[in-house]
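K.L.:
structure for this input, please:
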Amino acid sequence: MLKKLLELITGDDNITLEPAYVWWCIAVIVGLGLEIYCTLTGKAFDLKAYGLGVGSLLIGGGVGKKLGT
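P.N.:
So this is what the prediction gives:
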């Protein structure tokens, strides 16, 4: 099970961490955590807006890295 989870955030060699995959994983975990927290406390949380914002940041970072190299 752990090997399958590591395949989500590693490259083709299953050893080297891919930064884009790691950031994606962190963004998903934080988003789900915020959704659970807001549900338990009775506050409103827009997961769609959060996802669009995080997606925009990740795309911008990827484009910046690509243009910078």
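K.L.:
center of this structure - which residue?
P.N.:
In the chain, the C-alpha nearest the mean C-alpha coordinate belongs to W24, at 2.1 Å (Cα atoms, centre = their mean).
K.L.:
what residues are up against that residue?
P.N.:
L58 (Cβ atoms under 8 Å, 6 or more residues apart in numbering). All C-beta atoms are positioned from the backbone trio N, CA, C, and that covers glycine.
K.L.:
where does the closest residue to L34 other than its chain neighbours land in three-state SS?
P.N.:
Spatially, and ignoring its direct neighbours in sequence, L34 is nearest to F45 (5.7 Å; Cβ to Cβ, 6 or more residues apart in numbering). Secondary structure state of F45, per DSSP: H, G, I helix; E, B strand; the rest coil, is coil.
K.L.:
now do the contacts for V22.
P.N.:
If you count contacts by Cβ under 8 Å, 6+ apart, then V22 has I9 around it.
K.L.:
hang on, it is in a strand, isn't it?
P.N.:
No. Read with three-state DSSP, V22 is helix and lies in no strand.
K.L.:
which pLDDT value belongs to it?
P.N.:
Per-residue pLDDT puts V22 at 82.
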